[in-house]
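Participant: Fold the stuff below for me.
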Amino acid sequence: MARGVITPDPASPLPTSPLAIPDYRKFWIARFFSVVATSGMVVILGYQLYDVARGQYGMSIAQAAFQLGLLGLAQFLPLFLLTPLAGLVADRFDRRNVAALAMCIDLLVALALALCTQAGVLSLPLLFGLAALHGTARVFIGPALSSIAPNVVPAALMPKAVAINSMAWQIGSVAGPAIAGLLFAGSPSAPYWTSTAMLAFSAACTFSIRRLPPPEANRNAKPLRQMREGLSFVWNDRFLLGCVTLDLFAVLMGGATALLPVFARDILMVDGQPVGADGLGIMRAMPGLGAALVAFVLARRPIANNVGNKMLLGVAVFGLFTIGFGLSTNYYFSLLMLMGVGAGDMVSVFIRNTLVQLHTPDAVRGRVSSISGLAISASNELGEMQSGVAAALLGAVGAAVFGGVGAIAVTAAWFFLFPELKNARTFAARYRTS
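Facilitator: Have a look, this model is predicted:
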């Protein structure tokens, strides 16, 4: 039996749900709690940075908004520099150990933020430095953790597994910011102490998954050659290249969520008062809530036909709701628009992740996952940078509208530039994953 490949036992029927597989349950729990921990931590970090810039450094709204863009850049640079290495590590070592050890690094970031917040010694350089360390941890967590599911789940169950994975991510993205916002209102350091505990639990769950030795072909290969192979594999496969770059450029343009602290502190009001940190936590949770609802539907009834066009449509819907959010002056309508942003994104993410996993051989899955993760992170962190710059030039409202229009424009361009995407009818895998 090839390493990392699941061979069904003819005497025992295949499970009907990924959750019936013990190692997958451990994987799901670890993913869920790590997302709750980090999504809450990052939201409060952004709010504190904006607040410190405005209060402690006396910056204007535009200048402080630009600092939020720089925060995204600080998280992205480690991802950009270390992605080839992270993919190589995920393909050469036990993926569960790589993911768990990286979670421990993120745990140290949360612990440092808790101690510094409690001591009242926050500054912009400190917050930027810890954000960069968080980005470093995440670049190793992403490809290693993403590559575990195909090793423990049969290929026939992968569409369901991707939907349930997305539920972990999206429910965690809802719960994390909301919990962090409420905890922050009671004690500014409480969100970080909670994240520290959750990351410790996630690392323990990941360590408890069965051993996942790397594919035999990767053990003695030359590292630099393997890095080049991963990049070449994606570059030469137009289908994978189209999937990866669609998310990169669409979310790069539509990253309005980076500006939520601006909307919470200075734009959206309830009863004449800014919605503040509590409102920010709820706003930040809304895209995750919309995505989680869609993921729940997809886990029960996965998309099976005309998947390429539906992926493109999901990105266009993401852009439309981003425009709606930017134009809204009503807090509650803004929450509805943010739910729509998450719902559209979830359709696209579900289809793209399933296609990438099933169209990638196991021997290069870590490297392809790292490149996909780089695209996602580039779209998120550089999208935050783009939003910060656009907000400094156009204002927060103009930047959000500009981003939504840009996401729709990217969708239209990719419809013609990568016909392989719109021609994808099903999730039929080219490589055996189970």
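
Participant: Over to the nearest residue to Pro302 once chain neighbours are set aside. Which of the three states is it?
Facilitator: Excluding the flanking residues, the one nearest Pro302 by C-beta to C-beta, 6 or more residues apart in numbering is Pro159, at 4.2 Å. Every residue, glycine included, has its C-beta placed from N, CA and C. Of the three states, Pro159 takes helix under DSSP: H, G, I helix; E, B strand; the rest coil.

Participant: what about Pro159, how many neighbours?
Facilitator: When counting by other C-beta atoms under 10 Å, one arrives at 25 neighbours for Pro159.

Participant: got it, and Leu82?
Facilitator: 18.

Participant: in which helix or strand would I find the closest residue to it other than its chain neighbours?
Facilitator: With sequence-adjacent residues excluded and distances taken as C-beta to C-beta, 6+ apart, Leu82 is closest to Val139, at 4.8 Å. Counting by DSSP states H and E, the element that carries Val139 is helix 124-146.

Participant: Same check on Val341?
Facilitator: Using DSSP H and E, Val341 falls in helix 331-358.

Participant: And Ser189, its phi and psi?
Facilitator: Main-chain torsions, Ser189, degrees, to the nearest 10: phi -90, psi -10.

Participant: which residues touch it?
Facilitator: With contacts defined as C-beta atoms under 8 Å, 6 or more residues apart in numbering, Ser189 is in contact with 113-115, 117-118.

Participant: Can you tell me how far it is from Gly120?
Facilitator: Applying C-beta to C-beta, to the nearest Å, the value for Ser189 to Gly120 is 10 Å.

Participant: give me the number of residues near Met269?
Facilitator: Neighbourhood size, Met269 [other C-beta under 10 Å]: 13.

Participant: that older thread, check which helices and strands the helix holding Val139 is in contact with.
Facilitator: For helix 124-146, the packing partners by 3 or more C-beta pairs under 8 Å, 6 or more residues apart in numbering; DSSP states H and E come out as helix 22-55, helix 61-92, helix 95-119, helix 365-377.

Participant: among these, which is the most enclosed?
Facilitator: Among the helices and strands packed on helix 124-146, helix 365-377 has the highest mean neighbour count (mean count of other C-beta atoms under 10 Å), at a mean of 26.

Participant: and the gap between the residue nearest to Pro302 and Val294?
Facilitator: Between Pro159 and Val294 the computed distance is 14 Å (C-beta to C-beta).

Participant: before we move on, what about Ser208?
Facilitator: 30 Å.

Participant: quick one, which of these two is more surrounded?
Facilitator: Of the pair Ser208 and Val294, Val294 is the one with more neighbours under other C-beta under 10 Å, namely 24 against 15.

Participant: surely the more buried one meets Gly340?
Facilitator: No. Assessed by C-beta atoms under 8 Å, Val294 is found out of contact with Gly340, at 10.3 Å.
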